[in-house]
Each structure stands twice: as structure tokens, then as C-alpha cells.
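>>> Need a 3D model of the following:
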Amino acid sequence: MQPEPRSPEDLFLAWLCDLDDRADIAGEAVREIARIDDLGERSDAISQLRAMLMIASRCLPQPTGRRNRSYH
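Numbering: from 1, shown residues only. Predicted structure coming up:
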């Protein structure tokens, strides 16, 4: 019995949660996109994952070095 395939959203969240707290998310996304592009032909799900990574590579802020913020 094979496991159910994971959705592109699940894969993206797993990738994001696996990054170090101080990771350069945009830079890591660019590296992951390059890995996907090296695969050549890809499924619709992988194309959707690549699209999410493209958004992350352009929009997410760089780490500030502060992990926990206190709100007053």
C-alpha cells in the first residue's frame, strides 16, 4: 500500500517549516526552484509547488535576527 500523495500546499509548508529560523527564505526558495527545474518535465502538483516557491522568492521578508517578539 502506497502512501497518499501530499498536496503542493503540504509540501510547501513542510519545506518552510524545515528551514532554519534565520534562513534566507527567498534564497532557499530560489535554490529549491533550481532543483525542480533540473527535473525537467514535471507534474501539475510540482508546477504548483514551484509557483508557491516563486512567490516566496519574491515576497517574503529577510530574517531580522529576532525570533520571538513581545507584544505590549
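
>>> so what does the one helix or strand V30 maps to touch, helix or strand wise?
In this structure, V30 is located in helix 25-38 according to DSSP states H and E. Helix 25-38 sits against helix 44-59, with contacts defined as 3 or more CB pairs under 8 Å, 6 or more residues apart in numbering; DSSP states H and E. C-beta coordinates here come from the backbone N, C-alpha and C atoms, glycine included.

>>> Of all the residues in the helix holding V30, which ones are buried?
Using 16 or more other CB atoms under 10 Å as the test for burial, helix 25-38 gives I25, E28, A29, E32, I33.

>>> For it, what is the distance to the chain centroid?
Computed by CA atoms, centre = their mean, to the nearest Å, the chain-centroid distance of helix 25-38 equals 8 Å.

>>> and if you look at stretch 42-55?
For stretch 42-55, the separation from the chain centroid amounts to 10 Å (computed by CA atoms, centre = their mean).

>>> quick one on the thing from earlier: which one among the buried residues of helix 25-38 gets closest to W15?
E32 (6.6 Å; CB to CB).

>>> Does that closest one touch L53 like I think?
Yes. Under the criterion of CB atoms under 8 Å, E32 makes contact with L53 at 5.3 Å.

>>> any common contacting residues for these two?
The contact sets of E32 and L53 overlap at W15 (CB atoms under 8 Å, 6 or more residues apart in numbering).

>>> could the buried residues of helix 25-38 go into CSV alongside pLDDT and distance to R58?
CSV is the format used below for the buried residues of helix 25-38 (pLDDT from 0 to 100; distance: CB to CB, whole Å):
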residue, pLDDT, distance to R58
I25, 92, 11
E28, 94, 13
A29, 95, 9
E32, 95, 14
I33, 95, 11
